[in-house]
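Q: Provided below for reference: sequence and predicted model.
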Amino acid sequence: MQRHSLRWQFVISYALLIVVAMGGISLFLFNFIKTTYINNITENLFVNSRVVTAEILDSTDLAAPFDSEKTIVRELADLLEMRVTLISPNGAVIAESSLEPDNLENHLNRPEVKAALQGTPTSATRFSKTLNQEMLYAANPIEKGGAVVGVVRLAVPLTKINEGLTTVSGTIFGGTAVATIAAVLLAGFLTGYTTHPLRELTESVKNFSHGSPAEIKETNRKDEIGTLTRAFSSMATQINAQFDELENERTRLAAVLAYMTDAVLIVDEDGQVQLVNPAAQRLFETTERNALNHSLVEVVRHHQLVELWRKCQESGEQQITTLETTPSRLFLQGIATPLRQDLPGNTLLVIQDLTRVRRLEVVRRDFVSNVSHELRTPLASLKALTETLQEGALEDPPAARRFLLRMENEIDNLTQMVNELLELSKIESGRVPLERKSISPLSLVNPAVERMALQAERSGIEMRVEIAPDLPPVYADPKRMEQVLINLLHNAIKFTPPGGEINVLAYLDVRSVVFCVRDSGVGISPQDLPRIFERFYKADRSRSGGGTGLGLSIVRHLVESHGGRIWAESKPNEGAAFYFSLPVA
């Protein structure tokens, strides 16, 4: 039981109340019994004193005392078990049951003796120097012929009275203590019974504050606590329902924020970041711990975004801006929206990464430009040849045949471009069936090398194959992969000057076999290298070499359709190496 609990307070309060009440009752009873007891003893002393007075009047003559008074006094004292003193009107002790009268001083100054000599029976409590103890005295006048002729005083020691009172007080206080303990225990039990539902309510509320569902046990009590418990139970049911709903809502919101590709931040009116989603952490290369409750400047490190937030704060309206970051060269769009009603003073920042869209736009623009360029050249040539023929070349048969032959070449180039575009479209859409089978890397490479060997020899280029025969087989379509290798070998021969060399390699990399076509040609510039697999893209050095610019794009899609990947490594004037991987069979 906790010190400051309600049950403890009730028990302490009840215990104090019971102790005070029982203590008061005990003191009252003790004082009442003590007073009654002393009054009874005093009354008994007066009764006995009158008996002694009557006996003395019958037996002696106080005017001429003799030893008979002493004898009577001692006999009466022994009979009554009290101290008996016979005093004359002048205060002298005539007879004494305990001591010799000659050894006693005059008693005229004793209060009870004075009062008795005046005719009033009186009692008194006083310390007796003679007996060296507290005594209770009762003095009674002896009257004869209407005059007081002496005083009879009876006394009992208070020790006897106190012994009786001690027994009585022990009984009273013992009974009071037992009753108090029983009452306190009963109060504790009743308080525990009364406050038990309250403790359960408290534990339920504590558990709820720690994140556990609120669970209130049902009760059949009809009192106020039962009513309170049922009210709490109803409230707990509603709170649990709202808690579950809020938890589901929070989970959905967290999932949305976690899987959003756009960066989301919430910034308060002081410019401190209050929320940051994983996309924002990735974009700005930070963590939730380093972002929350830190300034927007520290987190985003882009003054355009900070200025965007500031404009939104000042205007209270949505603001939009675009920016390009350095050195990563990301193209971003920032949208700042004030959260007026839901979170006054806070601003929602959504940063969209439009880099891919921008690059696709560049690719689309380049594609249109390249297609226009590739089509314009043969069409312009055909137009010129046609006009030449119409202007009279038909009348010159040798010239006419020469022009027709050039027209046929241009038409063949256009036909090749259209066929390659259709081929690329089929490969991209997955409409080209692959007849894959298990084949060794060396068997996959040899047909393409043999087909391109004569062309390499005419160009004065040495071509070598360096593939170990014990490499594990790959799972591929031999004809399609021959198309890939021929395309790569054709490009290597085209951009390698006479006297150069081309190496075809293969090696095992975990669960894939990596093929490589490496040449010693002119190489590829760093700005062109990331885009060489795009459709119609041609590096400046390759434009003079002819071709449609679709070959490497077809190669990439064929490799990817086999579950592999393709990449290139090159430096200007140091040759180029094209790699592609195929899964092991």
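A: That came through fine.

Q: residues contacting residue 506?
A: Applying CB atoms under 8 Å, 6 or more residues apart in numbering to residue 506 gives the contacts 441, 442, 445, 467, 468, 471, 513, 514, 515, 516. Using the backbone N, CA and C atoms, a C-beta is placed for each residue, glycine as well.

Q: what bridges to it?
A: residue 515 (DSSP bridges).

Q: can you check residue 275 too?
A: residue 266.

Q: surely it meets residue 268?
A: No: using CB atoms under 8 Å, residue 275 makes no contact with residue 268, being 9.9 Å away.

Q: any common contacting residues for these two?
A: With CB under 8 Å, 6+ apart, residue 275 and residue 268 have no common neighbours.

Q: Where in the protein is the helix or strand with the lowest mean pLDDT?
A: In the chain, no helix or strand scores lower on mean pLDDT, DSSP states H and E than helix 540-543, which sits at a mean of 44.

Q: Next, the buried residues of the helix or strand following that one.
A: Sequence order places helix 551-561 as the next helix or strand after helix 540-543, per DSSP states H and E. Neighbour-count burial for helix 551-561, counted by 16 or more other CB atoms under 10 Å, picks out 551, 552, 553, 554, 555, 556, 557, 558, 559, 561.

Q: Next secondary structure after helix 551-561?
A: Helix 551-561 is succeeded, C-terminally, by strand 566-570 (DSSP H and E).

Q: shaky segments in the stretch 1-150 of the chain?
A: Along the stretch 1-150 of the chain, segments meeting pLDDT under 70 span 1-11, 60-68.

Q: rerun at 50
A: Applying pLDDT under 50 to the stretch 1-150 of the chain flags the ranges 64, 66.

Q: quick one, the helix or strand harbouring residue 580 and strand 566-570 angle?
A: Following DSSP H and E, one finds residue 580 within strand 576-583. Orientation check (axes from the mean of the first three to the mean of the last three CA atoms, to 10 degrees): strand 576-583 against strand 566-570 gives 160 degrees.

Q: Give me the helices and strands touching strand 576-583, please.
A: strand 474-476, helix 478-494, strand 512-519, helix 551-561, strand 566-570 (3 or more CB pairs under 8 Å, 6 or more residues apart in numbering; DSSP states H and E).

Q: give me that answer again for 6 Å
A: Here strand 576-583 touches strand 474-476, strand 512-519, strand 566-570, going by 3 or more CB pairs under 6 Å, 6 or more residues apart in numbering; DSSP states H and E.

Q: Turn these into TSV, columns for distance to residue 100, mean neighbour count and mean pLDDT.
A: Formatted as TSV, these follow (distance: least, CB to CB, whole Å; neighbours: other CB atoms under 10 Å; pLDDT from 0 to 100):
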stretch	distance to residue 100	mean neighbour count	mean pLDDT
strand 474-476	144	23	94
strand 512-519	138	22	96
strand 566-570	141	18	94
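
Q: Identify whichever of those lies nearest to residue 117.
A: strand 512-519 (139.2 Å; CB to CB).

Q: Next, format the helices and strands packed on strand 576-583 as CSV and append distance to residue 163.
A: Putting the helices and strands packed on strand 576-583 into CSV (distance: least, CB to CB, whole Å) gives the following:
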stretch, distance to residue 163
strand 474-476, 117
strand 512-519, 113
strand 566-570, 116
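
Q: Would you tell me which of those gets closest to residue 412?
A: Judging the helices and strands packed on strand 576-583 by CB to CB, what sits closest to residue 412 is strand 512-519, at 26.7 Å.

Q: send the alpha carbons of that closest one over as PDB?
A: Extracted in PDB, the C-alpha atoms of strand 512-519 (Å, rounded to 0.1, in the frame of the first residue of the first chain):
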ATOM      1  CA  SER A 512      26.300 -14.900 -63.900                       C
ATOM      2  CA  VAL A 513      28.800 -15.100 -66.800                       C
ATOM      3  CA  VAL A 514      30.100 -11.700 -67.900                       C
ATOM      4  CA  PHE A 515      31.100 -11.200 -71.500                       C
ATOM      5  CA  CYS A 516      33.300  -8.300 -72.600                       C
ATOM      6  CA  VAL A 517      34.200  -6.800 -76.100                       C
ATOM      7  CA  ARG A 518      37.200  -4.600 -75.600                       C
ATOM      8  CA  ASP A 519      38.800  -2.500 -78.400                       C
END
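
Q: now it against helix 478-494, angle please.
A: 30 degrees.
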